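Student: Here's a sequence, model it:
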Amino acid sequence: MNLSRLKWVKVVTPPKGWHRYWAYSPQEIAEIGKEKIIDTPHGLTIFPLGFKNEKAKDIDTGDMILLTQHVKITHIVEVLDNEAYEKGSHEKGSWFHRYVKIVWWKPDISWEELPHREDILRFELFVFDGNPHLFTCFKSFREKWGDKDLEAFQQHLLNQLC
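Tutor: Predicted coordinates:
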């Protein structure tokens with residue numbers, strides 16, 4: 001697995017009363033259904049990832065995003081399309097979507113077994129808005145990994161997750 005394009009982190013926050021603990025579980029992806037999804041027995045899974053605002057447009061095609069939910073690392077995805085598309089609405093505005101391919105996930109393990117975010121990232125991540133954020137924009141990231149050492153961080157993640 002090559003994580004050289006992993007630049008972003010996004011906190012996934014399902015609505016209160018969500019029927020599953022894990023937002024993008026295999027069952028949830030299968031239920032997206034109305035959108036075009038690809039889910040093969042060989043491990044290729046592509047689905048539309050939702051964003052609460054137009055910051056979804058900031059991500060370049062090929063960039064990777066680490067998804068985290070309730071302090072667990074759940075997925076690493078690669079953005080496949082050239083631009084965000086608007087579809088649906090939520091309490092504060094429109095949803096914007098990007099088609100992503102899952103690069104890393106552990107769909108067959110329990111929620112409790114998913115890696116804890118701070119144990120793996122090795123820096124504190126205080127973000128709750130569901131927007132994509134560059135790792136390098138966090139002061140705690142720069143304090144741990146240096147202003148320009150994204151490559152060392154990407155290699156660290158690869159070693160920790162694989």
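Student: What residues sit buried inside stretch 59-76?
Tutor: 59, 63-70, 72-76 (16 or more other C-beta atoms under 10 Å). In short, each C-beta sits where N, CA and C put it, glycine included.
Student: same check, this time on stretch 135-146
Tutor: 135, 138, 141, 144, 145.
Student: For the chain, just list every one of the strands.
Tutor: 6-11, 38-39, 45-51, 64-69, 72-79, 85-90, 93-105, 132-134 (DSSP state E).
Student: returning to that earlier point: got CSV for the buried residues of stretch 59-76, with distance to residue 115 and pLDDT too?
Tutor: Shown next, in CSV, are the buried residues of stretch 59-76 (distance: C-beta to C-beta, whole Å; pLDDT from 0 to 100):
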residue, distance to residue 115, pLDDT
59, 23, 95
63, 21, 97
64, 16, 98
65, 16, 97
66, 11, 96
67, 12, 94
68, 10, 92
69, 12, 89
70, 12, 86
72, 7, 90
73, 5, 93
74, 9, 92
75, 11, 94
76, 11, 96
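Student: Would you point out the most distant pair within those residues?
Tutor: 63 and 70 (23.9 Å; C-beta to C-beta).
Student: of all the strands of the chain, which lies closest to residue 25?
Tutor: strand 72-79 (8.5 Å).
Student: contact partners of the closest one?
Tutor: Strand 72-79 is contacted from outside by 3, 5-6, 12, 22-24, 49, 59-68, 98-105, 111, 114-117, 120-121, 161, using C-beta atoms under 8 Å, 6 or more residues apart in numbering.
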